[in-house]
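**Q** with the sequence up front, the predicted model follows.
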Amino acid sequence: MQIFAPFMVKRNHTVAWILILTVSVLFAMVLLAQTAFAQNTYVITDGEQVTVHTSFASDPAKVLDEVGVELDEDDFYTTAAGDGVSEITVQRGQVVHVNYCGREMELNTYGETLGALLDRNGIQTYGQYSVSQPLQTMTYDGMQVQIGNVVQTQETYTVEIPFETVYCNDPSLPQGQESVVVSGSAGQMLCSAEVVYVNAQEQSRIVTEETVLERPVNQIVAVGIGAQVDSEGEESELWIGDGIIRLPTGEVLTYTEAKTYNATAYTHMDEGCDMVTATGTRVKWGTVAVDPRMIPYGTRMFIVTEDGSYIYGLATAEDCGGAIKGNRIDLYMPTLSEAFRFGRRSCTVYFLGESEW
């Protein structure tokens, strides 16, 4: 029995070593299995969108596919390992459209400041150039940038000074006639200005100095306020008596009463007006806009300014207007110049009866 003792001891040692080795291998396999099936945390940055994702995958491409991030042909990603967290940054290809002094360009970038992009492509922006967006602006796909060549100059030139037309009453002319007493002529002015051109197109003009070289001469027009002349060359005058009006033509009108109204003038060219009145008639000299609550449509009148300097004559209430209220009437005149010349005046309105001859 003593002969087999050493052999038995040796055999026991071998079995122990085998057991220890087996346990070690099993432990290592368990660790490897835990490592293989451990979850990983990723921070995915795609432009302004940041996503935190947990995955068993270790391949960044598979992680991006899991969160639905698609890459175009010009896109790529970078990775960085952090403390228990891995970072995946997506770089998107961008096309920036640049108009450089009339020349169209497409610049490719993966995101940088506009200034860095232009510098990298050798595009000058300093000096006499204007850029439509600040150079510190971050680029984005489809960005539109205008770069112009700015030229500032000092220019001297002449401009025309228009003349004005002045009207004056002339009792030596028959009522309603006009005569040009002095013909108008335009003047001239010498101007100095600072002018800014961008790509040869004027952008601004600031006049710094003006010198009158020749003053304009106003046109003077005499307006007749005198008595009309009949067919035989003799002057006839308007005569208004108690209930009777005798016209320069000899026609006699009777009136029932006379009232004072504030009168203005209008034309068919005024805003909201046309050639047809509120009563369906066609506008003409003698058409008067009234407040129908004060003067019924169809009322016949004879209208003279209160001071007698202007005779509007025979008229009929046929029109109305939003501003014609109460003690206000509006006299139709065919031209703007006549309406402006009349302005606003106090008028006597004679309400007519039947005509007599």
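**A** On my side now, so go ahead. All values reported here derive from a predicted model rather than from experimental measurement.
**Q** ends of stretch 325-337, how far apart?
**A** 25 Å (Cα to Cα, to the nearest Å).
**Q** and the contacts of it?
**A** Stretch 325-337 is contacted from outside by 260-269, 283-291, 294-295, 303, 312, 315, 319, 321, 324, 339, 342, 347, 349, using Cβ atoms under 8 Å, 6 or more residues apart in numbering. In this view, the C-beta of every residue, glycine as well, is placed from N, C-alpha and C.
**Q** got it, and stretch 281-297?
**A** Applying Cβ under 8 Å, 6+ apart, the external contacts of stretch 281-297 come out as 266, 268, 273, 275-279, 299, 301, 303, 313-321, 324-334.
**Q** buried subset of the residues you listed as a PyMOL selection?
**A** Applying 16 or more other Cβ atoms under 10 Å to those, the buried members can be selected in PyMOL as follows:
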select buried, resi 266+268+273+277+299+301+303+313+314+315+316+317+318+319+320+321+324+328+329+330+331+332+333
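**Q** circling back to that earlier point, show the buried residues in the contacts of stretch 325-337.
**A** 261, 263-268, 283, 286-291, 294-295, 303, 312, 315, 319, 321, 324, 339, 342, 347, 349.
**Q** in helices only, show me those.
**A** Taking DSSP state H, the ones among these that sit in helices are 339, 342.
**Q** per the annotation, how does the chain divide into domains?
**A** In terms of domains, the chain is parsed into 40-91, 94-152, 154-222, 234-356 (source: automatic domain parsing).
**Q** Throw those domains into a markdown table and include mean pLDDT and distance to Leu21, thanks.
**A** Rendered in a markdown table, the data for the domains of the chain read as follows (pLDDT from 0 to 100; distance: least, Cβ to Cβ, whole Å):
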| stretch | mean pLDDT | distance to Leu21 |
| --- | --- | --- |
| domain 40-91 | 89 | 30 |
| domain 94-152 | 91 | 54 |
| domain 154-222 | 88 | 84 |
| domain 234-356 | 87 | 107 |
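**Q** who are the contact partners of Ile220?
**A** So Ile220 contacts 165-168, 180-182 (Cβ under 8 Å, 6+ apart).
**Q** list buried residues within the residues you listed.
**A** Members of the contacts of Ile220 classed as buried by 16+ other Cβ under 10 Å: none.
**Q** which one among these gets closest to Thr78?
**A** Within these, the smallest distance to Thr78 is 78.3 Å, found for Thr165 (Cβ to Cβ).
**Q** my read: that closest one touches Val221, true?
**A** Yes. Under the criterion of Cβ atoms under 8 Å, Thr165 makes contact with Val221 at 6.1 Å.
**Q** count the residues that sit near Gly111.
**A** For Gly111, the neighbour count with other Cβ atoms under 10 Å is 15.
**Q** so it, which of the three states?
**A** coil (DSSP: H, G, I helix; E, B strand; the rest coil).
**Q** OK, contacts around it?
**A** 47, 91-92, 94, 138-140.
**Q** so which of those residues wins on neighbours?
**A** Of the contacts of Gly111, with other Cβ under 10 Å as the count, Thr139 tops at 21 neighbours.
**Q** tell me how far that one lies from Glu73.
**A** 19 Å (Cβ to Cβ, to the nearest Å).
**Q** go on, Gly280?
**A** Distance of Gly280 to Glu73, given as Cβ to Cβ: 74 Å.
**Q** go on, Thr316?
**A** The value you get for Thr316 to Glu73, if Cβ to Cβ is used, is 83 Å.
**Q** then Asp141?
**A** 14 Å.
**Q** more neighbours: which of these two?
**A** Shown here are Asp141 and Glu73; by other Cβ under 10 Å, Asp141 has more neighbours (12 against 6).
**Q** show me the contacts for the closest residue to that one other than its chain neighbours.
**A** Of all residues not flanking Asp141 in the chain, Gln94 sits nearest, at 4.3 Å (Cβ to Cβ, 6 or more residues apart in numbering). By Cβ under 8 Å, 6+ apart, Gln94 lies in contact with 108-111, 139-143.
**Q** how about a markdown table for those residues, with distance to Gln201 added?
**A** Shown next, in a markdown table, are those (distance: Cβ to Cβ, whole Å):
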| residue | distance to Gln201 |
| --- | --- |
| Asn108 | 29 |
| Thr109 | 29 |
| Tyr110 | 34 |
| Gly111 | 32 |
| Thr139 | 27 |
| Tyr140 | 28 |
| Asp141 | 29 |
| Gly142 | 25 |
| Met143 | 23 |
